[in-house]
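Chemist: This is a predicted model, with the sequence first.
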Amino acid sequence: MKPVLVINSGSSSLKFQLIEDGKAKAKGLIEEIGSDNARLKHNGHEETRPAQDHDAALAWMLEKLDLANLQAVGHRVVHGGTKYTAPTIVDEDVEKGIEELSPLAPLHNPVNLAGIRALRKLLPDVPQVAVFDTAFHATIPAVAATYALPVATAKEHGIRRYGFHGTSCQYVTRRANLDNLIICHLGNGASATAVHHGRSVDTSMGLSPLEGLVMGTRSGDLDPAVPFHLIRAGLDPAEIEGILTKQSGLRGLAGASDMREVRAKAESDDAARLALDVYAYRIRKYIGSFLAVVPGVQALVFTAGVGENDWRLRAEVCGPLAHLGIELDDDANRAAVGVDEPTSIGTGPVQVLVIPTDEESEIAAQASAAVR
């Protein structure tokens, strides 16, 4: 397979990988875009220079890469709504469509689009492919996707469950090689997904990536009346959005958003210990609900940074679930940190697996398939 360049644009950062035959030939990160001191980290080296926008950052990236015979550029795009349910070659109409979906993902789609537009100018002869986080969840049935709102209101404003982390879930489902799964993607963002016959049938994130599990800085589930209560207390909607998306979750409960910091604090801090308990409890609730959704669950899968590396968290989640057929092998669980391949850590009727995710290789594979 010819190489595919994978781009993940953030508001002030840019991650990139050059992937050929499923393996990364080069990878890097540009941070502090929009400043005179942007930093590029690439293959063990670091340098600094001005990069005032994504155009400048991407041009800098291109200086570092050998893009001979490039097949395509695959872009991570967070929200495809109901319009984009498969990897899509980008043209002017697709650009417009992604822009129109920005109100559903205001922190993500605009910067994803900035990367697309910049590389369409810098590499005009190379196909640009948008790979959508929401696409894997397009199979969620109406009974799971529908909120109990007035039908006309929901339709007018596009309100339904979309789900996210779909690229990771699709990769993990393929690596598990099983039909019926519960996937816990646990990183700074966190979600649980129910997979039946290899297809997503429910997921914890909804209209936005805010719903569901407790996350690094996001609240996850809460009473919808909370924002109204805060408005009556004198806060404006922008303040409330900031609280729920950037100041809540582990950061709000424990004063730190990184699980490693929270776990270290929990040794002497009751608030941090409670934060860990709440985090694990919410995951268990979703596992229990998805066991009711998916007949014959074959495996519970842990993936992403926390899921792959925090054996204590896996024990905290699974410890009380023996009555549901979920039991851990303590030695195997402790050893399964930073594994390269799918690893079994369970002893009960429901397998428990640690599967390292690789969203970049999945994006590359989907982009390659789209241009072929």
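Modeler: The structure has been received and is ready for your questions.
Chemist: what is the closest residue to residue 306 other than its chain neighbours paired to in the beta sheet?
Modeler: On the basis of Cβ to Cβ, 6 or more residues apart in numbering, the spatially nearest residue to residue 306 that is not a chain neighbour turns out to be residue 186, at 4.0 Å. For every residue, glycine as well, the C-beta is placed using N, CA and C. For residue 186, the beta-bridge partners are residue 190 (DSSP bridges).
Chemist: gap between residue 186 and residue 286?
Modeler: Between residue 186 and residue 286 the distance is 11 Å, computed by Cβ to Cβ, to the nearest Å.
Chemist: tally of neighbours for residue 295?
Modeler: Close neighbours of residue 295, defined as other Cβ atoms under 10 Å, add up to 9.
Chemist: again but with residue 26, I slipped
Modeler: 18.
Chemist: For the residue most central in space within the chain, give me its contacts.
Modeler: Closest residue to the average C-alpha location of the chain: residue 165 at 3.6 Å, with Cα atoms, centre = their mean. When the contact criterion is Cβ atoms under 8 Å, 6 or more residues apart in numbering, the partners of residue 165 are 133, 185, 189, 191, 193, 203, 205, 304.
Chemist: ok, now residue 102?
Modeler: Residues in contact with residue 102, defined by Cβ under 8 Å, 6+ apart, are 79, 109, 110, 113.
Chemist: and which of these is nearest residue 326?
Modeler: Distances from residue 326 to the contacts of residue 102, taken as Cβ to Cβ, are shortest for residue 79 (32.3 Å).
Chemist: Give me the pLDDT for the residue nearest to the centre of the chain.
Modeler: If you check residue 165, the pLDDT there is 94.
Chemist: where do the strands sit along the stretch 51-200 of the chain?
Modeler: Using DSSP state E, counting those that start in this stretch, the strands assigned to the stretch 51-200 of the chain run over residues 72-77, 88-89, 128-132, 181-186, 190-196, 199-203.
Chemist: Can you pull the domain assignment for this structure?
Modeler: Per automatic domain parsing, the domain ranges recorded for the chain read 4-132, 178-359.
Chemist: Is residue 46 in contact with residue 39, as I believe?
Modeler: Yes. Applying Cβ atoms under 8 Å as the test, residue 46 and residue 39 come out as touching, 6.2 Å apart.
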